[in-house]
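In: sequence and computational prediction follow.
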Amino acid sequence: MADMTDRIREARALDIRDEARRLGIDIANGGKAWFRPGGRGPKGGSPSGSFFRRDGVWLWRERSSGEGGDVPRLVQHITGCTFGDALDLLLGADRVPLPPVSYAPAEERVDVPIEVRARACAAFYEALPPLGDAARGWLEDTRSVSSKTVSRFGLRQADERTGDAAMGAALQAVGADVVVALGLGVPSKHSDSLRCPFGWGCWIAIPYRDGGQILHLQFRRYSRSNDGDAKGPKYRHIKGTVPIPFNVEAADNGETPTMLVEGAFDAMALAQRGFPAVGVPGVSWLRQAGKADDVVRRAQVLVYGFDADEAGEDSREEVQAVLRAAGALAVREVVWPKGFRGDWCDFYAEGRALFEVREAKRPIPEGMFSAADLIRDGVDSLLAESRGEISKPGHRTGVDALDKWIRITEGSYTLLGGRPSDGKSQVLLSLAYSMAALGPRIGVLSLEMNRPQITERLAKSALKVGRDVPDDLSETYRRAASEIDALLALPVFVDCPDNPLEDNVRRRLDDMAEAGAEVIMLDYVQQIRCKGNGIEERTAKASSLIKTWAQRTGIPVIAAAALRRPENDREGAKRPRVEGLRGSGMLEFDADVVLLMHNGHKYDPERGCAAVRDLYLEKNRLGMVSPFAIQIEHPEPFGFFGELTYITQMRMHRDNQ
């Protein structure tokens with residue numbers, strides 16, 4: 001929970017004006033106002049909302065809908081993403097840099113002291129008449145709130161006739177400065193006097209009480225005139241931080257679970273049916289310092305009952321995390337009936353009565369994944385691959401027959417085993433160039449050869465000459481010039497550290513990642529000098545080093561490994577097995593793919609060809625293993641290994657018959 005709380009705190013501390021610009025929002029008035037992307041509001045030049053600060057935290061408010069909140073909530077509001085995705089966008093390393101902008105001084109909204117706020121609210125509220133029949137009927141018909149419940153919670157009415165009188169009562173109680181600060185009165189555009197913003201249209205005044213005091217007022221416009229001309233009802237709160245949720249006293253019910261819902265009317269609809277329910281002004285309110293703690297202090301067992309819609313589902317995990325961080329003993333959640341969309345008022349308006357409550361599932365910790373998400377993503381990927389819309393994920397090796405069975409995937413560990421002098425280093429270099437020809441940048445970390453040795457090896461491979469160098473290479477170079485130029489253009493780079501201790505190998509791997517390597521060839525595992533008692537423990541540590549590094553960075557590693565030297569030619573002529581990997585069984589255990597190379601001709605001259613190697617796919621974590629050897633060969637007289645395409649394809653064709 002601490003990690004989530006820290007991430008929320010870090011995101012809320014960001015300058016909301018910068019984040020709005022990253023979202024493509026047009027800011028106005030020096031950063032005090034904003035326009036939604038794609039236009040300048042329904043009236044052309046009217047700002048969509050405003051930015052301001054309260055208690056050092058950046059907030060926003062949209063004028064048309066009344067929605068608002070902090071920085072993460074703005075990202076959700078504009079993009080439609082989940083809260084977790086909003087945090088990732090705000091705190092990710094790949095954030096878009098912004099050109100500097102000079103902002104006007106931020107408006108810092110100051111909260112009125114709670115005792116003064118209470119006097120103002122009480123004076124304004126007491127001057128209002130009880131809710132009229134038209135508003136009561138509207139609540140009964142649309143919000144499932146009965147007239148008896150209206151009287152129980154003391155809802156009152158503000159309109160052209162009563163609004164200015166209520167404002168006058170508040171002016172006498174606390175003065176003009178407080179009335180303006182709370183938004184109960186606004187300066188008139190046509191005179192020096194104040195006017196009541198709830199004096200146009202018909203408003204339902206909703207008191208937020210605690211201990212007999214009214215600490216907050218919320219208003220719901222149910223029509224634009226006394227004639228009942230309903231036209232898009234809107235919510236409004238008096239200004240300043242909402243100090244308590246609606247019906248907070250319902251939380252003082254001992255061990256009975258308290259429903260936590262969105263807004264006052266939902267809380268009324270539940271209370272009307274015997275459920276203790278508290279209406280919070282929104283998720284951003286719960287994020288404010290101390291708010292969740294105040295709720296949890298009064299109700300240790302809470303039931304998450306936010307609306308059955310996308311926003312309610314998206315906020316579920318966050319709200320539950322905030323409540324647990326505040327010390328809730330138990331957090332439960334409502335299981336809405338299948339197919340239902342809406343809030344509690346809609347639920348009861350449809351004539352429903354039964355709902356299920358279950359223990360809330362703990363959020364999956366960061367770094368873990370939902371198996372359902374993995375299945376969904378995997379199925380989508382496989383379907384797209386089968387339709388030819390995307391290619392199989394991962395890097396290809398450039399050996400077609402091998403690519404039919406494996407891909408070098410993100411963070412994978414591939415092991416290429418071979419007996420001494422069978423050519424595993426040359427095969428590794430060959431794979432480096434065949435993969436680089438397909439695009440990725442390849443790093444080669446050679447622990448077996450120093451720079452002069454690998455320089456000679458690469459030069460001879462490029463010129464296709466063997467160990468015996470001809471007296472004059474001019475003609476050889478001329479014939480190979482175009483191929484050498486092609487090799488020089490490939491993104492392959494090499495490191496030959498003279499210190500193979502495990503800490504230095506890890507540093508050199510990090511350096512290769514920093515240099516942009518997308519795949520790393522390592523020659524070879526048993527050369528890494530790790531601390532340990534005996535070769536088995538040391539090899540196990542070396543293998544673990546490669547595995548954990550690949551998983552941490554996401555960069556796949558293809559590493560050569562030594563097989564034990566055969567005791568005699570008869571044993572050497574046999575196909576190698578994973579048990580022959582020298583040092584530790586952890587090599588096979590750690591690796592995602594195990595390829596074993598075999599040079600049968602070396603031990604049995606009548607078997608095969610000296611230039612051919614058999615590659616046996618002994619392990620494939622993400623797929624099947626090949627039932628036959630994949631053959632590769634040196635071009636004559638020497639060079640990088642290449643695929644025996646004809647032989648391999650003929651064998652595959654034969655086995656598929």
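Out: Sure, I can see it.
In: what sits against the closest residue to Arg451 other than its chain neighbours?
Out: Distances taken as Cβ to Cβ, 6 or more residues apart in numbering put Cys496 closest to Arg451, at 4.9 Å, once the chain neighbours are dropped. Placement of C-beta: from N, CA and C, glycine included. By Cβ atoms under 8 Å, 6 or more residues apart in numbering, the contact set of Cys496 is Ser446, Met449, Asn450, Arg451, Ile454.
In: which of those residues fall within helices?
Out: Counting by DSSP state H, the contacts of Cys496 place Arg451, Ile454 in helices.
In: neighbour count for the contacts of Cys496 - can I get that in CSV?
Out: Shown next, in CSV, are these (neighbours: other Cβ atoms under 10 Å):
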residue, neighbour count
Ser446, 23
Met449, 18
Asn450, 12
Arg451, 12
Ile454, 19
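In: how much space separates the residue nearest to Arg451 from Ile484?
Out: Relative to Ile484, Cys496 is positioned 21 Å away (Cβ to Cβ, to the nearest Å).
In: rounded mean pLDDT for the strand or helix carrying Gly84, please.
Out: Assigned by DSSP states H and E, Gly84 belongs to helix 83-91. Across helix 83-91, the average pLDDT comes to 85.
In: which residues touch the helix or strand containing Ala481?
Out: Taking DSSP H and E as the criterion, Ala481 maps to helix 474-488. Helix 474-488 is contacted from outside by Tyr433, Ala462, Leu463, Lys464, Val465, Pro470, using Cβ under 8 Å, 6+ apart.
In: for the stretch 101-250 of the chain, which segments are assigned as strands?
Out: Listed in chain order, the strands of the stretch 101-250 of the chain (DSSP state E, counting those that start in this stretch) span residues 108-109, 156-158, 186-187, 194-195, 202-210, 213-223, 235-237.
In: out of the contacts of helix 474-488, which are buried?
Out: Taking 16 or more other Cβ atoms under 10 Å as the criterion, what is buried in these is Tyr433, Ala462, Leu463, Lys464, Val465.
In: the first one: what's it in contact with?
Out: In this case it means Tyr433. Applying Cβ under 8 Å, 6+ apart, one finds that Tyr433 lies in contact with Ile442, Leu487, Leu490, Val492, Phe640.
In: pick the one among these closest to Lys189.
Out: Closest approach to Lys189 among the contacts of Tyr433 (Cβ to Cβ): Ile442, at 69.9 Å.
In: number of nearby residues for the closest one?
Out: Counted by other Cβ atoms under 10 Å, the residues lying close to Ile442 total 25.
In: report the beta-bridge partners for it.
Out: In this entry, Ile442 is beta-bridged to Val492, Val519, by DSSP bridges.
In: where's it relative to Ile528, distance?
Out: Ile442 sits 20 Å away from Ile528, taking Cβ to Cβ as the criterion.
In: that older thread, neighbour-wise, which one of the contacts of Tyr433 leads?
Out: When neighbours are counted by other Cβ under 10 Å, Ile442 leads the contacts of Tyr433 with 25 neighbours.
In: and the strands of the stretch 101-250 of the chain, which is most packed in?
Out: strand 156-158 (a mean of 25; mean count of other Cβ atoms under 10 Å).
In: mind listing residues that contact that strand?
Out: For strand 156-158, the external contacting residues (Cβ under 8 Å, 6+ apart) are 125, 128-132, 135, 166, 196, 198-199, 202-205, 207, 219.
In: check stretch 127-144 too.
Out: The contact list for stretch 127-144 (Cβ under 8 Å, 6+ apart) reads 145-147, 150-151, 155-158, 162, 165-166, 168-170, 202, 204-205, 222-223, 228, 230, 265, 268-269, 272, 344-345, 348-349.
In: now do the buried residues in it.
Out: Buried residues in stretch 127-144, counting neighbours by 16+ other Cβ under 10 Å, are found at Ala127, Leu128, Leu131, Ala134, Ala135, Arg136, Trp138, Leu139, Arg143, Ser144.
In: where's the residue lying closest to Val322 once chain neighbours are set aside, which helix or strand?
Out: Residue nearest to Val322 in three dimensions, not counting chain neighbours: Ala292, with 4.9 Å by Cβ to Cβ, 6+ apart. Element membership for Ala292 (DSSP H and E) is helix 291-298.
In: and if you look at Ala372?
Out: Per DSSP H and E: helix 371-386 holds Ala372.
In: count of neighbours near the residue nearest to Val322?
Out: 24.
In: please save the CA atoms from the top helix by length along the chain in PDB.
Out: Criterion DSSP H: the longest helix present in the chain is helix 534-553. Below are the C-alpha coordinates for helix 534-553, written out as PDB (Å, rounded to 0.1, in the frame of the first residue of the first chain):
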ATOM      1  CA  GLY A 534      33.200 -26.500  -6.700                       C
ATOM      2  CA  ILE A 535      32.400 -26.100 -10.300                       C
ATOM      3  CA  GLU A 536      28.700 -27.000  -9.900                       C
ATOM      4  CA  GLU A 537      28.000 -24.200  -7.500                       C
ATOM      5  CA  ARG A 538      30.000 -21.700  -9.500                       C
ATOM      6  CA  THR A 539      28.300 -22.700 -12.800                       C
ATOM      7  CA  ALA A 540      24.900 -22.500 -11.200                       C
ATOM      8  CA  LYS A 541      25.700 -18.900 -10.000                       C
ATOM      9  CA  ALA A 542      26.900 -17.900 -13.500                       C
ATOM     10  CA  SER A 543      23.700 -19.300 -15.100                       C
ATOM     11  CA  SER A 544      21.600 -17.500 -12.500                       C
ATOM     12  CA  LEU A 545      23.400 -14.200 -13.300                       C
ATOM     13  CA  ILE A 546      22.500 -14.500 -17.000                       C
ATOM     14  CA  LYS A 547      18.900 -15.500 -16.300                       C
ATOM     15  CA  THR A 548      18.200 -12.700 -13.800                       C
ATOM     16  CA  TRP A 549      20.000 -10.000 -15.900                       C
ATOM     17  CA  ALA A 550      18.000 -10.900 -19.000                       C
ATOM     18  CA  GLN A 551      14.700 -10.900 -17.000                       C
ATOM     19  CA  ARG A 552      15.600  -7.600 -15.300                       C
ATOM     20  CA  THR A 553      16.500  -5.700 -18.500                       C
END
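In: flag the shaky bits of the stretch 201-350 of the chain, pLDDT-wise.
Out: Along the stretch 201-350 of the chain, the model assigns pLDDT under 70 to residues 224-233, 254.
In: can you do 80?
Out: Scanning the stretch 201-350 of the chain for pLDDT under 80 picks out 201, 223-234, 253-255, 284.
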